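*Asks:* What shape does this take:
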Amino acid sequence: MFRSGVTYKLALKVFAAVVAMLMTISCWDEVHPGTYYTFTGQTVASYLEQDTVYGFSSFIKVLKRAGVWGELETYGTFTCFAPTDEAFDKYLKSRNISSLDSLTYDQCDTICRTHLINSVLFLTDQSEGGLPSVNQLNRFLVLGYVADTLENGIIKARPTINRDSRVIEDDDTVQNGVVQVVSDVINVSGEYIYDIVKANPRVSLFFEAMHLVGLEDSLQKWHDKSYTIGFDSAYTGLKKQGGGSTYTIKYVPERNYGFTVFAEPNEVYASHNINSIQELAEYANNVYHLAYQAEYDTLGSKYDTIWHDRRCPLRRFVEYHILPFSIPSIVNFNCREDIIDAKVETTLIDAEDYFEAYLPHSIMRISRVKNPGTYNGVFINRRGVGPDGKGELGRSFYRGVKIVEVEEGAANEGCNGYLFYVDDILEYSDFIRNNILDRRLRIDCCTLSPDFLTSGARQKKTDDNYEGVGFKQPTNFYSYNSDYCMWVRSAFVANISYQGDGVDLQGNYDIMLKLPPVPHDGTWELRLSYRGSAGCGVVQNFVGDDPLRLMPCGIPTDLRYSAYENPNIRWKNDSDFNGDTIAIDAYDKAMHNRGYMKGPDSHWTSDKAEKFRDYSLIARRVITTDYFKANKDYYLRMRLVLENPNAEMNFDYMEWCPKSIFSMNEDKH
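*Replies:* Here you go, the predicted structure:
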């Protein structure tokens with residue numbers, strides 16, 4: 001699966017050395033790769049050369065200087081955001097650069113790779129937010145819209161890239177991709193997210209706290225230099241069978257660290273009478289002494305001013321504001337809008353996701369609230385359904401904290417992460433842990449590793465739905481062998497899964513996952529999605545807090561049969577009970593006692609075709625019910641027990657469910 005000789009990074013170094021040698025002849029000479037099929041029709045390169053409207057001579061010069069011009073003349077699939085000559089004039093002037101010839105090779109290379117994506121993306125097919133494929137710098141570009149008045153007085157929504165660069169001509173198709181003409185050179189910051197927070201005066205008090213507790217080094221991590229992958233695995237890809245379809249799997253070429261920072265503007269603190277770092281530290285003491293009461297009953301105030309210690313309340317306060325992965329836009333915290341519209345029954349549940357925060361053993365719920373066809377907002381630790389905020393399971397509505405985009409003109413992106421505001425104080429308080437998060441936590445498996453998110457694999461949209469992003473050994477996953485493949489499916493509406501995607505395993509898999517934490521001590525059920533198919537295997541699960549001594553959980557799960565076909569499940573459709581809700585509830589309880597549950601009625605198979613609850617290929621398996629502690633790591637092992645080199649498993653979602661919920665026989669949603 002992985003080439004052990006020439007790695008991707010080594011190949012790049014060799015290529016860069018050749019480029020550098022050729023550039024000693026003439027710094028602006030084109031370097032042609034020489035190994036590609038050349039088109040006879042219009043390519044990205046010929047489009048730029050032949051244009052007579054906007055002028056791309058500056059961009060062409062930069063592309064040649066960086067040695068990528070020949071690539072754009074040849075076979076490939078590119079989205080090229082092409083800045084006009086006027087855009088380059090503005091760029092040079094804003095940076096006090098005298099002329100294009102003053103740009104170094106590295107500057108040209110950065111500009112080029114910022115504006116090129118190695119896949120075809122038509123903007124008319126994209127939703128607002130981070131584009132589904134990263135650019136050649138492995139960074140997300142963010143699609144937005146601004147109102148623009150045309151010459152005839154009509155107001156039109158004009159697409160923008162990274163807020164400041166308007167798309168003035170979109171979706172011009174060429175043989176090797178698509179060209180998007182932009183009004184400004186797209187700016188991608190080379191600063192770390194730590195520096196982005198530092199430079200923003202609206203969050204100066206939060207930054208003071210972040211600096212005081214010693215997070216500078218942590219938030220300046222970017223490339224994982226220990227990661228290598230075979231060049232063919234990353235760029236040529238593999239063909240794998242999954243769910244009856246052939247997937248093209250390309251592995252991530254490099255692993256990067258990423259961060260998403262939520263910060264309260266100073267005026268939010270002022271509204272709570274917090275105007276200094278001392279007052280913020282005191283606030284954190286009050287919150288976290290109660291949230292971790294048993295611990296502080298022993299520690300007292302010993303660590304209140306030992307700022308760099310992770311037991312310090314102020315450090316805990318700051319760390320809960322950080323997610324250990326990159327999210328480029330508010331709308332990217334949850335699944336894509338087309339997925340929500342087609343697969344989520346928003347009258348029953350908001351689109352939701354759960355993420356482990358940078359604070360050890362902490363979790364947050366992020367939910368997107370929508371009116372039909374209307375975007376309302378994204379909230380942290382909200383309880384309630386829909387824009388009217390109706391309660392859930394007899395529990396009162398709780399608004400939570402709203403995520404807010406950083407205003408135009410202020411940077412929100414660093415090379416290793418993104419900054420967002422929150423409109424109230426974000427905290428992992430006793431009330432949040434034991435009340436708001438005392439709920440069924442349905443966790444999409446594509447959020448279980450930071451690598452799935454930072455790489456852009458999660459909710460990726462492609463022209464060919466049957467594509468996937470492969471992972472060698474993603475963070476939070478551990479392999480007992482290498483005789484299998486793991487990939488994240490591209491998300492699409494017709495895929496019969498929780499959020500249109502999934503983590504696929506194929507081969508003789510035997511892997512262990514570090515589970516997300518539970519928010520409070522207590523009795524919890526651990527559940528996994530169940531999807532039966534003839535191509536799948538038989539899996540034994542193990543759970544525990546010691547990776548070397550995990551305990552087997554019940555009999556193996558036979559994934560080769562649907563819930564209807566499996567005699568251990570004895571699945572029946574609700575329609576079999578002729579509307580008798582008492583009989584339906586009794587059957588649900590009996591099925592639960594056998595260790596299985598129907599799928600939720602809050603999600604549809606595809607485009608409102610059939611609810612999961614009514615679809616016999618989908619069910620939930622109760623892995624274990626036990627007492628779990630919030631301050632411990634727990635692990636789940638999934639081992640194929642019938643050897644089969646082609647066995648498949650679609651790892652779709654998992655659930656933590658507290659006794660307060662599952663004892664009510666409630667979980668139809």
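
*Asks:* Now do the helices in the stretch 151-300 of the chain.
*Replies:* Along the stretch 151-300 of the chain, the segments classed as helices by DSSP state H, counting those that start in this stretch run 193-198, 204-212, 231-235, 266-271, 277-291, 293-299.

*Asks:* Deepest in the core, which of those helices is it.
*Replies:* With neighbours taken as mean count of other C-beta atoms under 10 Å, the helices of the stretch 151-300 of the chain reach their highest mean count in helix 193-198, at a mean of 22. (C-beta placed from N, C-alpha, C; glycine too.)

*Asks:* now it, how far from the chain's geometric center?
*Replies:* 21 Å (C-alpha atoms, centre = their mean, to the nearest Å).

*Asks:* what is the rounded mean pLDDT of it?
*Replies:* Averaging pLDDT along helix 193-198 gives 95.

*Asks:* Render the CA-only coordinates of it in PDB, please.
*Replies:* The C-alpha coordinates for helix 193-198 follow below in PDB (Å, rounded to 0.1, in the frame of the first residue of the first chain):
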ATOM      1  CA  ILE A 193      -3.000  31.300  14.700                       C
ATOM      2  CA  TYR A 194      -1.300  32.500  18.000                       C
ATOM      3  CA  ASP A 195      -0.100  35.600  16.100                       C
ATOM      4  CA  ILE A 196      -3.600  36.200  14.500                       C
ATOM      5  CA  VAL A 197      -5.200  36.300  18.000                       C
ATOM      6  CA  LYS A 198      -2.400  38.500  19.300                       C
END
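
*Asks:* rewinding a little: can you flag the weakest of the helices of the stretch 151-300 of the chain by average pLDDT?
*Replies:* Note on these: lowest mean pLDDT is at helix 231-235, with a mean of 82.

*Asks:* centre of the chain versus that one, how much separation?
*Replies:* Offset of helix 231-235 from its chain centre (C-alpha atoms, centre = their mean): 22 Å.

*Asks:* What of stretch 494-502?
*Replies:* 15 Å.

*Asks:* Outside of that stretch itself, list whatever touches it.
*Replies:* Outside of stretch 494-502, the residues within contact range by C-beta atoms under 8 Å, 6 or more residues apart in numbering are 335-336, 339, 342-343, 442, 444-446, 458-460, 465, 488-493, 529, 531, 603, 605-607, 615, 617-618, 650-653.

*Asks:* What of stretch 615-627?
*Replies:* Applying C-beta under 8 Å, 6+ apart, the contact partners of stretch 615-627 are 496, 521-533, 541, 543, 553-554, 557, 562-565, 569, 571, 573, 592, 595-599, 605, 612, 636, 655, 662.

*Asks:* next one: that stretch to chain centre, how far?
*Replies:* Distance of stretch 615-627 from the chain centroid (C-alpha atoms, centre = their mean) equals 25 Å.

*Asks:* try stretch 278-298
*Replies:* 31 Å.

*Asks:* In CSV, please show the C-alpha coordinates belonging to that stretch.
*Replies:* Provided in CSV are the C-alpha atoms of stretch 278-298 (Å, rounded to 0.1, in the frame of the first residue of the first chain):
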residue,chain,number,x,y,z
GLN,A,278,-7.1,39.4,37.3
GLU,A,279,-10.9,39.5,37.1
LEU,A,280,-10.9,36.9,34.3
ALA,A,281,-8.7,34.6,36.4
GLU,A,282,-11.1,35.0,39.3
TYR,A,283,-14.0,34.2,37.0
ALA,A,284,-12.2,31.1,35.8
ASN,A,285,-11.5,30.0,39.4
ASN,A,286,-15.2,30.2,40.3
VAL,A,287,-16.3,28.2,37.3
TYR,A,288,-13.7,25.5,37.3
HIS,A,289,-13.4,24.9,41.1
LEU,A,290,-17.1,23.9,40.9
ALA,A,291,-16.8,22.0,37.6
TYR,A,292,-13.9,19.9,39.0
GLN,A,293,-15.1,20.0,42.6
ALA,A,294,-13.7,16.7,43.7
GLU,A,295,-10.3,17.5,42.4
TYR,A,296,-10.2,21.0,43.9
ASP,A,297,-11.5,19.7,47.2
THR,A,298,-8.1,18.1,47.4
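
*Asks:* just to revisit the earlier point, out of the contacts of stretch 615-627, which end up buried?
*Replies:* Listed as buried from the contacts of stretch 615-627 are 496, 524-532, 541, 543, 553, 557, 562-563, 569, 571, 592, 595-599, 605, 612, 636, 655, 662; burial here means 16 or more other C-beta atoms under 10 Å.

*Asks:* Out of those, name the ones that lie in helices.
*Replies:* Using DSSP state H, His592, Phe662 are the members of the buried ones among the contacts of stretch 615-627 that sit in helices.

*Asks:* For the buried ones among the contacts of stretch 494-502, write the corresponding PyMOL selection.
*Replies:* To isolate the buried members of the contacts of stretch 494-502 in PyMOL, using 16+ other C-beta under 10 Å:
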select buried, resi 335+336+339+342+343+442+444+445+446+458+459+460+465+488+489+490+491+492+493+529+531+603+605+615+617+618+650+651+652+653
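
*Asks:* Quick check: strands, which of the contacts of stretch 494-502 are part of them?
*Replies:* Using DSSP state E, the members of the contacts of stretch 494-502 that fall in strands are Arg442, Asp444, Val488, Arg489, Ser529, Arg531, Ile618, Asn650, Phe651, Tyr653.

*Asks:* now Tyr478, nearest residue through space, not along the chain?
*Replies:* Leaving out its chain neighbours, the residue that sits closest to Tyr478 by C-beta to C-beta, 6 or more residues apart in numbering is Met512, at 4.4 Å.

*Asks:* In terms of helices and strands, where is that neighbour?
*Replies:* Counting by DSSP states H and E, the element that carries Met512 is strand 510-514.
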